[in-house]
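**Q** need a 3D model of the following:
(chains A and B)
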Number of protein chains: 2
Amino acid sequence: MVEQASDELMEGADTEDIAFLVVGDPLGATTHTDLILRAVEKGLQYRVIHNASIMNAVGCCGLQLYSYGETVSIVFWEKDWKPESFYDKILVNRERGMHTLCLLDIKMKEQTIENLMKGRPIYEPPRFLSASQACKQLLEIVQQRDKDKTTDSDLTPDTVCVAVARVGASDQKISVATLEEMCDVDMGSPLHSLVIPGNMHPLEGQMLTLFAVSGRVRQLLEEIEKR
Amino acid sequence: MVEQASDELMEGADTEDIAFLVVGDPLGATTHTDLILRAVEKGLQYRVIHNASIMNAVGCCGLQLYSYGETVSIVFWEKDWKPESFYDKILVNRERGMHTLCLLDIKMKEQTIENLMKGRPIYEPPRFLSASQACKQLLEIVQQRDKDKTTDSDLTPDTVCVAVARVGASDQKISVATLEEMCDVDMGSPLHSLVIPGNMHPLEGQMLTLFAVSGRVRQLLEEIEKR
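**A** Purely as a prediction, here's the structure:
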């Protein structure tokens, strides 16, 4: 929308103040950078009002922001399209002891192949990748690589994971479970995100314990703390 | 303060709502995690109101948040203490094409050795590492390593750098210069931060051009874009 309608959005901005509201921080990705560049080109002044976004509000789970490596995106797997690049990025972060924030796929304005081919502007309902579904995909990679013995998988079904849902809302939810357990944790309505921790400071481990869903993960967190 | 006075801070919280205000997002580091853990221990309910912080507001310079690697801290160098660990982390990020946000040192409640030894509670005025001073330190490392030929320095005096000051305030300033030029750029009053870009998307390069301080850096950005 932003990319296509920037002229329309900026109509009248030469004579009066206009505002463009977004969810999260406006400059997380280049989407709105483009809007700024077009405004500057038109000789318009702009001002960005920053806001909390998942990129920093994810601190709610207790893992400190300074210890995050590259953020990754986990996409919906399709029958014939199961990319694993996010997994390798998680491994790179963990090698350096860093946590990984995994943003989960959002499918808006999808068209069925039939509607697409017939040029019918009929769109499927929006879909949001859940933390449990993302964990199922991760677990499938772990198990496949373990079987292939091609690469050291590093993650195991017992790896401690953090799921966060509706961060900042009054019904925000945080759950800490093993990768395997998380496949069955219902985080409720979207949006969800997932965090794969790296090395943990004792205070980080203690915070995660507050959100542990099982005795199993509580025990694993205790063991990590003792190391 | 937070660590020492948490009991005092939470006094009365069992019978009424109390609030604790901080600059930026409350959960960037483990400082306030400790406060939450103590509140939970006391059986107190808590709620975190997230806020923009430099960790996401740094997006104002046009480099997208998803492309940042590990955040580093650059400390004030002393006569006999010139740590370089932040530099190596910048190199690791750049190797992977990632940008690096460099948080700059803040010295609060410093005591002179004399006052410290005599137990006098007299503190020096607060000091804030400026972007230009941080760049001087970086440049010194670059030049030293170049002379030693021990490691490939990667950064050069011509590396494009981004300085941001007072982000979010009405007098926010963003400057893009070469590392060498930035040593002489006056960003005004604190707080400053510094960004060392990794690989850039064309839109990111175009945004940086808006803040270029010299023809030299504008030319370098053009060359990067053409690659």
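**Q** from what I see, A:N56 and B:M55 are in contact.
**A** Yes. Counting by CB atoms under 8 Å, A:N56 touches B:M55, with 4.8 Å between them. In short, each C-beta sits where N, CA and C put it, glycine included.
**Q** for these two, indicate the residue with more neighbours.
**A** More neighbours sit around A:N56 than around the other of A:N56 and B:M55, counting by other CB atoms under 10 Å in any protein chain shown; the figures are 28 against 24.
**Q** pull the residues that contact the helix or strand encompassing that one.
**A** Under the criterion DSSP states H and E, the helix or strand holding A:N56 is helix A:54-57. Counting by CB atoms under 8 Å, 6 or more residues apart in numbering or on different chains, helix A:54-57 makes contact with A:24-25, A:28, A:65, A:71, A:101, A:103, A:167-168, A:191, A:193, B:25, B:27-28, B:50, B:52-53, B:55-56, B:65, all of which sit outside it.
**Q** can you pick out the ones from those residues that are in helices?
**A** Judged by DSSP state H, the contacts of helix A:54-57 include B:M55, B:N56 as members of helices.
**Q** any idea where the strands of chain A begin and end?
**A** Secondary structure of chain A, counting by DSSP state E: strands at A:72-74, A:100-104, A:106-107, A:127-128, A:160-165, A:173-178, A:192-196.
**Q** where's A:I113 relative to A:E78, distance?
**A** Distance from A:I113 to A:E78, counting by CB to CB, to the nearest Å: 12 Å.
**Q** skipping adjacent residues, who's closest to A:S214 in space?
**A** Nearest-residue entry for A:S214: A:E181, 5.9 Å, with adjacent residues in sequence omitted and distances by CB to CB, 6 or more residues apart in numbering or on different chains.
**Q** that neighbour - how many residues pack around it?
**A** Using other CB under 10 Å, A:E181 is surrounded by 21 other residues.
**Q** give me the pLDDT for it.
**A** According to the per-residue confidence, A:E181 scores 98 in pLDDT.
**Q** among the strands of chain A, which comes closest to A:D7?
**A** Minimum separation from A:D7 across the strands of chain A (CB to CB) falls at strand A:106-107, 25.7 Å.
**Q** residues making contact with the closest one?
**A** Contacts of strand A:106-107 with the rest of the structure, by CB under 8 Å, 6+ apart, involve A:F76, A:E124, A:P126, A:R127, A:F128, A:L129, A:P190, A:L191.
**Q** dump the longest helix seen in chain A to PDB, restricted to CA.
**A** The helix of greatest length in chain A, counted in residues with DSSP H as the criterion, is given as helix A:131-148. The C-alpha atoms that make up helix A:131-148 are tabulated as PDB, following Å, rounded to 0.1, in the frame of the first residue of the first chain:
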ATOM      1  CA  ALA A 131       4.800 -19.800  17.500                       C
ATOM      2  CA  SER A 132       3.800 -23.500  17.800                       C
ATOM      3  CA  GLN A 133       3.700 -23.900  14.000                       C
ATOM      4  CA  ALA A 134       7.100 -22.200  13.700                       C
ATOM      5  CA  CYS A 135       8.500 -24.600  16.300                       C
ATOM      6  CA  LYS A 136       7.100 -27.500  14.400                       C
ATOM      7  CA  GLN A 137       9.100 -26.300  11.300                       C
ATOM      8  CA  LEU A 138      12.200 -25.800  13.400                       C
ATOM      9  CA  LEU A 139      11.900 -29.200  14.900                       C
ATOM     10  CA  GLU A 140      11.500 -30.800  11.500                       C
ATOM     11  CA  ILE A 141      14.800 -29.200  10.500                       C
ATOM     12  CA  VAL A 142      16.500 -30.400  13.700                       C
ATOM     13  CA  GLN A 143      15.300 -33.900  13.200                       C
ATOM     14  CA  GLN A 144      16.200 -34.000   9.500                       C
ATOM     15  CA  ARG A 145      19.700 -32.700  10.000                       C
ATOM     16  CA  ASP A 146      20.200 -35.100  12.900                       C
ATOM     17  CA  LYS A 147      19.200 -38.000  10.600                       C
ATOM     18  CA  ASP A 148      21.400 -36.700   7.800                       C
END
